[in-house]
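In: Next come a sequence and a model predicted from it.
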Amino acid sequence: MAKPVHLNVLEVIADQHQAACMGCEGHPQAITPNMDRLAATGVRFAQAYTQNPICTPSRVSILSGQYCHNHGYYGLSGPRPLALPSFFSHFKANGYRTAGIGTLHTPDDPINWLEKHLDLFEDSFRSIDGRPEQSPWYDEIRRLGLLEKEDVHFWWQNPRYRFEGMPSQLPFELSQEGWSVDRAVRFMENCGDQPFCMQVSLMRPHQPFYPDRRFWDMYPEDIDLPPSIDQDPSNRPPHFQETFARFRRMRGADGRGRFEDAARRLWRGYLACITHVDHALGVLLDHLDRMDLAGNTIVIYHSDHGGYSGTHGIMEKAPGICSEAVCRVPFIWRVPGFANRGDVCRHLVENVDIAPTLASLCGLPPMNTVDGKDISALLAGGDAPVRQVAVTENPWS
């Protein structure tokens, strides 16, 4: 089959989405009609893994196609890697319009790594030179007099609410996700006939677990907790056991309720944040359909890493990266011209595979600096594995 040419690329990445929490994965609680819709028209990879359980190194791996031990990033900050290419710089050099919108979370000392890789740089949380809360989204929130109600700002300013799940004080349209998809739609409309390569990076379901109320209300107040929330941690290392014990002392913002009630609100908030992200994905898919772009746009939905959120009895993603809940990520692809609707591929793939695969699918020269594999054959319905192991690295665990 001839490969399609002049394809657009829309990569939608969520932060801390545990792969099991999707309807198309068979999760009994997660409400994800748009993720399910994407999976039903493309390929879902059931064994996809992140290269790092921390945002920045994971995202550098995704964009560069390199493992952490090669690009050198393991923490949340650091100097920008001047000589390191990304798939954005590769696509831009080959005639594409490029955009990064949302929680980009890439090295920004003294200026963001992606500065020259992108035609449109719109991080929702930081300026291009790394200043927090200096962005077009925050400018809009301030203009409306809503900064104190913005979820992340409220979360940091009110420590009692750090371990709480509840509805957001802002509607979806003013959330980070609502702003990001609106900017993405504008970018697509302004590209004209020039192909685009764009990442839309959504903050949720990373905490704070404050979804739009309409998504919060989709889940019952007495929602069942993860079945592993009481799992015995005695076979885990000491730091995992300490985190388990600390989570059990959680009582929510009032400090007086039962652990189970606070944990239930967190779990309800986490799942509702996934539904919040799902709605954002749906806005983008609807725009592709409405503008007749679906037939020539590759769509990827995935995450930088997973999280616990009560699974195995702890809330955070650390400690203990040796877990499917943290290391396995959603990985759904829809490629025009490939008739593998609803396929589930169970071969091992990794986030580093995105860069070389996109270059291959779009008919661009290969990226010679990548560690990842071209998984185009798997997307086309092939059954030959591309690797025997998948690697997640973390020097602190």
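Out: Yep, it's here.
In: Which residue ranges of this structure form strands?
Out: Secondary structure of the chain (DSSP state E): strands located at 8-15, 43-45, 48-49, 97-102, 120-123, 196-205, 297-303, 331-334, 343-345, 349-350.
In: Mind checking these for the one nearest to residue 217?
Out: Of all the strands of the chain, strand 196-205 sits nearest to residue 217, with 16.3 Å by C-beta to C-beta. (Glycine included, C-beta is placed from N, CA and C.)
In: Next, format the strands of the chain as JSON lines and append distance to residue 33 and mean neighbour count.
Out: Shown next, in JSON lines, are the strands of the chain (distance: least, C-beta to C-beta, whole Å; neighbours: other C-beta atoms under 10 Å):
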{"stretch": "strand 8-15", "distance to residue 33": "15", "mean neighbour count": "25"}
{"stretch": "strand 43-45", "distance to residue 33": "15", "mean neighbour count": "25"}
{"stretch": "strand 48-49", "distance to residue 33": "21", "mean neighbour count": "24"}
{"stretch": "strand 97-102", "distance to residue 33": "21", "mean neighbour count": "24"}
{"stretch": "strand 120-123", "distance to residue 33": "27", "mean neighbour count": "20"}
{"stretch": "strand 196-205", "distance to residue 33": "16", "mean neighbour count": "26"}
{"stretch": "strand 297-303", "distance to residue 33": "13", "mean neighbour count": "24"}
{"stretch": "strand 331-334", "distance to residue 33": "13", "mean neighbour count": "26"}
{"stretch": "strand 343-345", "distance to residue 33": "18", "mean neighbour count": "18"}
{"stretch": "strand 349-350", "distance to residue 33": "24", "mean neighbour count": "28"}
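In: Of these, which is nearest residue 315?
Out: It is, among those and with distance given as C-beta to C-beta, strand 196-205, at 12.5 Å.
In: now that closest one: how far from the chain's centre is it?
Out: Counting by C-alpha atoms, centre = their mean, to the nearest Å, strand 196-205 is centred 7 Å from the centre of its parent chain.
In: Give the partner strands of it in its sheet and their orientations.
Out: Looking at strand 196-205 with DSSP bridges, its partner strands are strand 8-15 (parallel), strand 97-102 (parallel).
In: how about CSV for these, with distance to residue 68 and mean pLDDT added?
Out: Below are these laid out as CSV (distance: least, C-beta to C-beta, whole Å; pLDDT from 0 to 100):
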stretch, distance to residue 68, mean pLDDT
strand 8-15, 17, 98
strand 97-102, 20, 98
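In: could you redo these as JSON lines and give each row distance to residue 392?
Out: Listed next are these as JSON lines, based on distance: least, C-beta to C-beta, whole Å:
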{"stretch": "strand 8-15", "distance to residue 392": "16"}
{"stretch": "strand 97-102", "distance to residue 392": "23"}
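In: Compare the ones you listed and give me the one nearest residue 285.
Out: Distance to residue 285, taken as C-beta to C-beta, is lowest for strand 8-15 among the strands paired with strand 196-205, at 9.1 Å.
In: and the closest one with strand 297-303, angle?
Out: Put simply, strand 8-15 runs at 10 degrees to strand 297-303, going by axes from the mean of the first three to the mean of the last three C-alpha atoms, to 10 degrees.
In: what's the offset of strand 8-15 from the middle of its chain?
Out: The chain centroid and the centroid of strand 8-15 are separated by 8 Å under C-alpha atoms, centre = their mean.
In: Show me what counts as buried in stretch 213-223.
Out: 213, 215-216, 219 (16 or more other C-beta atoms under 10 Å).
In: So in the chain, where's the weakest helix or strand by average pLDDT?
Out: Here the helix or strand of the chain ranked lowest by mean pLDDT, DSSP states H and E is helix 238-248, holding a mean of 91.
In: Let's have the strands of the chain in a markdown table, adding distance to residue 370.
Out: Formatted as a markdown table, these follow (distance: least, C-beta to C-beta, whole Å):
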| stretch | distance to residue 370 |
| --- | --- |
| strand 8-15 | 16 |
| strand 43-45 | 18 |
| strand 48-49 | 16 |
| strand 97-102 | 17 |
| strand 120-123 | 23 |
| strand 196-205 | 16 |
| strand 297-303 | 16 |
| strand 331-334 | 17 |
| strand 343-345 | 20 |
| strand 349-350 | 11 |
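In: Relative to residue 296, which of the strands paired with strand 196-205 is closest?
Out: Per C-beta to C-beta, nearest to residue 296 of those: strand 8-15, 6.1 Å.
In: Please, where are all the helices along the stretch 1-150 of the chain?
Out: For the stretch 1-150 of the chain, the helices defined by DSSP state H, counting those that start in this stretch cover 33-40, 55-64, 68-71, 87-93, 136-143.
In: so where's the longest helix in this structure?
Out: Counting by DSSP state H, the longest helix found in the chain is helix 259-290.
In: Pull the distance from it to the chain's centre.
Out: 12 Å.
In: Tell me which of the helices of the stretch 1-150 of the chain sits most buried.
Out: Among those, judged by mean count of other C-beta atoms under 10 Å, the one packed with the most neighbours on average is helix 55-64 (a mean of 26).
In: where does the stretch 251-397 of the chain have low pLDDT?
Out: For the stretch 251-397 of the chain, applying pLDDT under 70 flags the ranges 319-320, 397.
In: Do I have it right that residue 276 meets residue 178?
Out: No - counting by C-beta atoms under 8 Å, residue 178 is not a contact partner of residue 276; they are 9.2 Å apart.
In: which residues touch the closest residue to residue 388 other than its chain neighbours?
Out: The spatial neighbour of residue 388 that comes closest, neighbours along the chain excluded (C-beta to C-beta, 6 or more residues apart in numbering), is residue 348 at 7.4 Å. Neighbouring residues of residue 348 by C-beta atoms under 8 Å, 6 or more residues apart in numbering: 47, 49, 385-390.
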